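Asks: sequence unknown, structure follows:
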């Protein structure tokens with residue numbers, strides 16, 4: 001495995017839409033977390049090749065104090081030359097001093113949770129920063145030499161989507177993740193009565209492809225846009241359903257399988273059960289299940305899925321079952337078929353569930 005995800009669950013505030021494993025820091029929790037993390041990293045190290053991608057997600061990793069960041073970013077793992085080292089950050093946790101420290105510690109890519117450049121939208125989302133802080137943080141990160149990605153949430157009530165997208169296009173960043181609002185059951189946002197609007201969200205994504213495309217961004221995944229060469233290499237590992245390791249509470253790995261399983265997914269428990277020494281849940285993934293997951297993830301991307309690669313990975317004969325739905329979807333304008341590679345069109349990316357379902361039915 002050459003990719004590693006590290007989950008950092010601590011956040012200064014918990015946003016009302018958040019469904020990730022995030023907690024506020026309590027006395028001794030960060031110290032205990034870092035101690036367990038380092039022990040797990042030592043145990044994992046022999047199973048890793050030099051890492052091509054290393055991703056610190058959260059939570060808000062940039063929220064940690066300087067000494068804690070030093071401990072987090074010094075896990076004793078080997079990095080390949082040119083490795084992509086990404087850290088998620090919120091604008092309010094970044095300043096020139098913090099950016100200089102992160103650079104010294106080896107971080108070369110920042111994923112900054114901007115979400116919107118409109119103060120009324122940020123207030124509705126429960127964000128701690130305002131538009132001015134977002135502009136400042138992004139400008140200082142670019143000035144410090146980082147590759148920068150920003151997150152936007154699109155399709156929100158009262159949001160001027162066009163204004164947010166144009167602001168993002170002008171920033172000079174190389175990557176924009178433009179997600180539509182997901183109202184997860186049980187979150188404060190859901191309990192407040194806010195609902196998703198699929199039509200509004202579809203219009204927002206079409207507008208994102210248009211505005212960001214005019215600025216030189218390519219929609220290389222359903223909700224991710226990059227200038228050439230600025231794609232998130234770590235996330236491509238997920239979308240290609242390659243293998244990756246994971247450390248930290250609630251983190252999930254996708255590792256080579258044993259016996260008849262193609263892969264195994266190991267998912268760690270939440271923070272306090274993890275700190276108590278509870279081990280991960282283990283799920284064996286059969287070759288057939290791997291194919292379904294690879295289709296679901298790969299058809300979210302502009303590069304699509306090479307069925308020949310899946311056949312070589314799993315030893316399964318797939319094309320005779322997939323050729324007919326591929327032709328139907330191509331005739332409907334959702335897919336291009338080149339050899340045995342299935343490549344979504346822009347319309348196919350907009351209707352990705354309609355794209356995946358016929359293939360799953362053909363495999364059942």
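Replies: Alright, I've got the coordinates. Only a predicted model underlies this, so the values are computations on that prediction, with no experimental measurement involved.

Asks: Could you use CA atoms for every contact and neighbour count after this?
Replies: OK.

Asks: Touching, residue 22 and residue 9? I think so.
Replies: Yes: here residue 22 reaches residue 9: they are 4.5 Å apart, a contact under C-alpha atoms under 8 Å.

Asks: Identify the contacts common to these two.
Replies: Taking C-alpha atoms under 8 Å, 6 or more residues apart in numbering as the contact rule, residue 22 and residue 9 both touch 58, 59.

Asks: Tell me where the stretch 151-300 of the chain is predicted with low confidence.
Replies: 183-197 (pLDDT under 70).

Asks: Where do the helices of the stretch 251-364 of the chain begin and end?
Replies: Listed in chain order, the helices found in the stretch 251-364 of the chain under DSSP state H, counting those that start in this stretch are 271-275, 287-298, 307-314, 319-331, 346-350, 352-363.

Asks: Distance to residue 205 added to those, as JSON lines?
Replies: Rendered in JSON lines, the data for these read as follows (distance: least, C-alpha to C-alpha, whole Å):
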{"stretch": "helix 271-275", "distance to residue 205": "35"}
{"stretch": "helix 287-298", "distance to residue 205": "18"}
{"stretch": "helix 307-314", "distance to residue 205": "28"}
{"stretch": "helix 319-331", "distance to residue 205": "21"}
{"stretch": "helix 346-350", "distance to residue 205": "8"}
{"stretch": "helix 352-363", "distance to residue 205": "13"}
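
Asks: Between those, which one is closest to residue 57.
Replies: Proximity to residue 57 (C-alpha to C-alpha) singles out helix 271-275 among the helices of the stretch 251-364 of the chain, at 14.3 Å.

Asks: Can you give the distance of the closest one from its chain's centre?
Replies: In terms of C-alpha atoms, centre = their mean, to the nearest Å, the gap separating the centre of helix 271-275 from the centre of its chain is 23 Å.

Asks: where along the stretch 101-250 of the chain do the helices fall?
Replies: Counting by DSSP H, counting those that start in this stretch, the stretch 101-250 of the chain has these helices, from start to end: 119-124, 131-143, 161-170, 188-191, 198-214, 233-239.

Asks: between the third one and helix 131-143, how many degrees?
Replies: Angle between the axes of helix 161-170 and helix 131-143 is 30 degrees (criterion: axes from the mean of the first three to the mean of the last three C-alpha atoms, to 10 degrees).

Asks: Residues contacting helix 161-170, please?
Replies: The set of residues that contact helix 161-170 without belonging to it, under C-alpha under 8 Å, 6+ apart, is 116, 117, 118, 154, 155, 176, 204, 207, 208, 211, 212, 215.

Asks: Give me the pLDDT for the first one.
Replies: I take that to be residue 116. Reading off the confidence values, residue 116 has pLDDT 95.

Asks: tell me the contacts of it?
Replies: 122, 131, 152, 153, 164.

Asks: Residue 24 and residue 10 touch, don't they?
Replies: Yes: under the criterion of C-alpha under 8 Å, residue 24 makes contact with residue 10 at 5.4 Å.

Asks: so where is the stretch 1-150 of the chain shaky, pLDDT-wise?
Replies: Along the stretch 1-150 of the chain, the parts satisfying pLDDT under 70 run over 14-19.

Asks: do that again at 80, thanks
Replies: Residue ranges of the stretch 1-150 of the chain with pLDDT under 80: 13-22.

Asks: so what are the domain limits for this protein?
Replies: Following automatic domain parsing, one finds the domains of the chain at 3-237, 302-364.

Asks: Could you dump those into TSV with distance to residue 283 added?
Replies: Shown next, in TSV, are these (distance: least, C-alpha to C-alpha, whole Å):
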stretch	distance to residue 283
domain 3-237	18
domain 302-364	17
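
Asks: just so I know, which of these lies nearest residue 254?
Replies: Checking those against residue 254 by C-alpha to C-alpha gives domain 3-237 as the closest, at 10.1 Å.

Asks: what would the helices of the stretch 251-364 of the chain look like in CSV with mean neighbour count?
Replies: Listed next are the helices of the stretch 251-364 of the chain as CSV, based on neighbours: other C-alpha atoms under 10 Å:
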stretch, mean neighbour count
helix 271-275, 17
helix 287-298, 20
helix 307-314, 15
helix 319-331, 16
helix 346-350, 20
helix 352-363, 17
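
Asks: Correct me if wrong, but residue 26 is in a helix.
Replies: No: secondary structure of residue 26, determined by DSSP: H, G, I helix; E, B strand; the rest coil: coil, with no helix assignment.

Asks: coming back round to it: out of the domains of the chain, which comes closest to residue 278?
Replies: Judged by C-alpha to C-alpha, the one of the domains of the chain that comes nearest to residue 278 is domain 3-237, at 11.5 Å.

Asks: Residue 24 and residue 10 - which one has more neighbours?
Replies: The neighbour count for residue 24 versus residue 10, taken as other C-alpha atoms under 10 Å, is higher for residue 10 (24 against 13).

Asks: The more buried one touches residue 68, doesn't it?
Replies: No: Residue 10 is not in contact with residue 68 according to C-alpha under 8 Å; the separation is 11.7 Å.

Asks: Mutual contacts of the two, please.
Replies: Counting by C-alpha under 8 Å, 6+ apart, the residues touching both residue 10 and residue 68 are residue 30.
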